[in-house]
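Chemist: Sequence plus the predicted model coming up.
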Amino acid sequence: MTHPSPSRSARLRSLVTSRASGAVIAQVWQAAGSFALQVLAAHLLGARGLGVVALCLGVIVLTTAITSGFVGDSLTVLDRADVRVRAALQAWTLLLAFVGPSIAGAVLWATDTLSAGEALVFFAAGALFQVEEVARRVLMAGLQFWRLVLVDGVALFVALATVAVTATRGPLGLGAFLAAVAVGQLAGLVVALRLVAPQERWLAPWSGADLRAVASFGAWRGAQVAVNPGVFTAMRVFVVAAAGGAALGQVEAARIYVAPAILAIQGFGSFLLASYSRDRARPLAALVPSAVRASVAMVAAVLLVGVALWALVPVVGPWITGGSFDLPAVTVLGWSVYAASTATFTPLLCLAVSRGQQRVPLLIRGVDASVSLGVLGLLLWGGMPYTATPFALAAGPVVGGLAIRALVIGSMLRAEQSTPALAVPATAQPREAAHHAR
């Protein structure tokens with residue numbers, strides 16, 4: 001008996017409401033708050049002010065990436081229903097949320113980037129950003145990506161409302177932007193805690209926390225996912241040193257413009273990691289072709305979007321910058337090429353991590369980061385215009401993608417072929433359904 005094929009409208013509706021679409025939209029929507037705040041900074045503070053705001057937000061993203069990889073990926077892959085694991089996840093969340101923003105705030109204050117008061121607000125924003133991200137990762141682990149849109153929508157609305165209220169009381173400064181981030185993330189955290197499944201909304205006793213089990217997996221992932229924000233932070237330092245704060249503002253304005261394409265890659269990666277983690281019982285050889293197809297599709301889609309964004313620079317550029325400075329079209333195209341380069345390795349990297357592989361991918365990401373920054377440094381100090389910065393950064397991810405396919409996935413496939421029943425590493429054992437019924 002044959003079944004009628006679904007209509008085109010039904011297929012379109014299924015695509016739009018799918019978890020993969022939710023993952024991409026949620027990741028892009030999360031960045032909308034940062035995007036809006038930085039556009040406001042460009043309008044109100046100019047290129048140099050935007051450069052300082054971007055540096056502060058970039059540092060917050062860097063510290064949050066460490067927590068997201070360390071705790072967020074651990075709660076996705078490990079058994080978070082286990083009391084000892086859950087207690088460790090709680091402990092690491094609080095520790096990382098305090099240590100990262102504390103160190104970053106102290107450095108920014110010591111280098112006169114922030115005043116003492118601004119550094120305190122920065123700490124609050126960074127700590128709340130990290131705790132809210134962990135709550136978001138609980139929703140991601142349950143593939144509840146569309147709920148993230150509501151969480152991030154509330155955070156965005158509250159942040160913008162905070163800026164609007166502050167603006168009625170006088171001129172806006174850097175502290176106002178950081179305070180808006182803090183208040184918005186607090187609102188998002190409250191909503192996220194209300195939306196998580198009831199069985200996820202409980203605290204484990206602190207005693208007996210298996211800190212080592214979480215750290216053995218999470219430390220590698222935390223370092224791994226911090227590579228991209230770390231590269232961006234180093235890039236900002238390079239550009240400021242070579243061309244000044246106003247130049248960084250132009251580079252950042254172009255990155256903000258292309259940010260939806262960059263974040264779509266990250267959002268789809270979150271979906272792939274959760275999906276591959278649930279498919280650990282399937283042979284690796286059955287998943288590699290789909291990962292390769294996903295990579296090719298992501299590269300093609302990002303390049304198409306990038307060309308469209310480049311063509312629209314004369315129209316949209318003044319809206320991004322407020323007309324106070326030019327948005328360099330070549331830099332927009334460069335960030336599109338950079339986004340496409342990260343898509344060359346994202347699906348295969350997620351597949352490797354879902355099978356408990358953290359160490360070798362981290363080493364490869366370290367190499368590709370070194371390639372990117374090495375090329376950027378040599379070209380900047382060799383006379384390359386700062387507007388070509390993202391083209392130089394794109395070199396590393398391409399090298400990393402080729403290495404992950406040849407070294408990591410290749411060795412895993414060979415191991416699977418030589419072992420009749422390949423055991424999944426202990427740190428990545430599938431969660432048993434019984435554990436969820438407390």
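Modeler: On my side now, so go ahead.

Chemist: Could you use CA atoms for every contact and neighbour count after this?
Modeler: Noted.

Chemist: Now do the helices in the stretch 1-150 of the chain.
Modeler: 8-16, 19-67, 73-77, 83-110, 116-141, 145-167 (DSSP state H, counting those that start in this stretch).

Chemist: tell me the most buried of the ones you listed?
Modeler: helix 73-77 (a mean of 25; mean count of other Cα atoms under 10 Å).

Chemist: what pLDDT does the residue nearest to the spatial centre of the chain get?
Modeler: For the chain, the residue nearest the mean C-alpha position is residue 266 (5.6 Å; Cα atoms, centre = their mean). Per-residue pLDDT puts residue 266 at 71.

Chemist: can you tell which of the helices of the stretch 1-150 of the chain is closest to residue 246?
Modeler: Closest approach to residue 246 among the helices of the stretch 1-150 of the chain (Cα to Cα): helix 19-67, 4.4 Å.

Chemist: Hmm, residue 328 and residue 310 touching each other?
Modeler: No. Assessed by Cα atoms under 8 Å, residue 310 is found out of contact with residue 328, at 9.4 Å.

Chemist: Of these two, give the one with the bigger neighbour count.
Modeler: Between residue 310 and residue 328, residue 310 has the larger neighbour count (other Cα atoms under 10 Å), namely 23 against 18.

Chemist: contacting residues for the residue nearest to residue 155 when sequence neighbours are not counted?
Modeler: Nearest non-adjacent residue to residue 155, counting by Cα to Cα, 6 or more residues apart in numbering: residue 184, 4.2 Å away. Residue 184 sits next to 154, 155, 156, 157, 158, 159 when contact means Cα atoms under 8 Å, 6 or more residues apart in numbering.

Chemist: so which one among those has the lowest pLDDT?
Modeler: Lowest confidence among those: residue 156, with 84.

Chemist: Okay, now the unreliable bits of this structure?
Modeler: 1-34, 358, 419-438 (pLDDT under 70).

Chemist: Can you give me the distance of the residue nearest to residue 155 to residue 146?
Modeler: 19 Å (Cα to Cα, to the nearest Å).

Chemist: ok, now residue 382?
Modeler: On the measure of Cα to Cα, residue 382 and residue 146 end up 47 Å apart.

Chemist: same deal with residue 100?
Modeler: With distances taken as Cα to Cα, residue 100 is found 29 Å from residue 146.

Chemist: Same question for residue 228.
Modeler: From residue 228 to residue 146 the distance is 25 Å (Cα to Cα).

Chemist: repeat for residue 380
Modeler: Taking Cα to Cα as the measure, residue 380 falls 42 Å from residue 146.

Chemist: what does residue 125 give?
Modeler: For residue 125 relative to residue 146 (Cα to Cα), the value is 24 Å.

Chemist: For stretch 94-105, C-alpha coordinates in PDB please.
Modeler: Written as PDB, here are the backbone C-alpha positions of stretch 94-105 (Å, rounded to 0.1, in the frame of the first residue of the first chain):
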ATOM      1  CA  LEU A  94      28.600  28.900  40.200                       C
ATOM      2  CA  LEU A  95      32.400  28.700  40.300                       C
ATOM      3  CA  LEU A  96      32.800  29.500  36.600                       C
ATOM      4  CA  ALA A  97      30.100  32.200  36.700                       C
ATOM      5  CA  PHE A  98      32.100  33.900  39.500                       C
ATOM      6  CA  VAL A  99      35.700  33.400  38.500                       C
ATOM      7  CA  GLY A 100      35.500  34.300  34.800                       C
ATOM      8  CA  PRO A 101      33.800  37.700  35.100                       C
ATOM      9  CA  SER A 102      35.900  38.500  38.200                       C
ATOM     10  CA  ILE A 103      39.200  38.000  36.400                       C
ATOM     11  CA  ALA A 104      38.000  39.700  33.200                       C
ATOM     12  CA  GLY A 105      36.600  42.700  35.100                       C
END
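
Chemist: What lies in contact with it?
Modeler: Stretch 94-105 has contacts (Cα under 8 Å, 6+ apart) with 59-60, 63-64, 67, 119-120, 122-124, 126-128, 130-131.

Chemist: What's the local residue count around residue 203?
Modeler: 10.

Chemist: Next, the contact list for it, please.
Modeler: 86, 87, 90.

Chemist: for it, helix, strand, or coil?
Modeler: State at residue 203, reduced to three classes by DSSP: H, G, I helix; E, B strand; the rest coil: coil.

Chemist: Same question for residue 207.
Modeler: coil.

Chemist: How about it, nearest residue that isn't a chain neighbour?
Modeler: residue 87 is the one closest to residue 207 (Cα to Cα, 6+ apart), at 7.6 Å.

Chemist: quick one: the one you found from residue 395, how far?
Modeler: Taken as Cα to Cα, the span from residue 87 to residue 395 is 41 Å.

Chemist: follow-up on the earlier one: in CSV: the contacts of residue 203, plus distance to residue 271.
Modeler: What follows is those, written out as CSV (distance: Cα to Cα, whole Å):
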residue, distance to residue 271
86, 22
87, 25
90, 23
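
Chemist: picking that back up, nearest to residue 168, out of the contacts of residue 184: which one, please.
Modeler: Among the contacts of residue 184, and counting by Cα to Cα, the member closest to residue 168 is residue 159, at 14.7 Å.

Chemist: My read is that that closest one contacts residue 180, right?
Modeler: Yes. In this structure, residue 159 is within contact of residue 180 by Cα under 8 Å, at 4.6 Å.

Chemist: wait, residue 354 sits on residue 284?
Modeler: No. Using Cα under 8 Å, residue 354 is not in contact with residue 284; the gap is 10.5 Å.

Chemist: the more surrounded of the two?
Modeler: residue 354 (25 against 20).

Chemist: List the residues that contact the closest residue to the more buried one other than its chain neighbours.
Modeler: Distance criterion Cα to Cα, 6+ apart; nearest residue to residue 354, sequence neighbours excluded, is residue 277 at 4.9 Å. By Cα under 8 Å, 6+ apart, the contact set of residue 277 is 76, 77, 354, 355, 430.

Chemist: Repeat that for residue 246.
Modeler: So residue 246 contacts 47, 48, 51 (Cα under 8 Å, 6+ apart).
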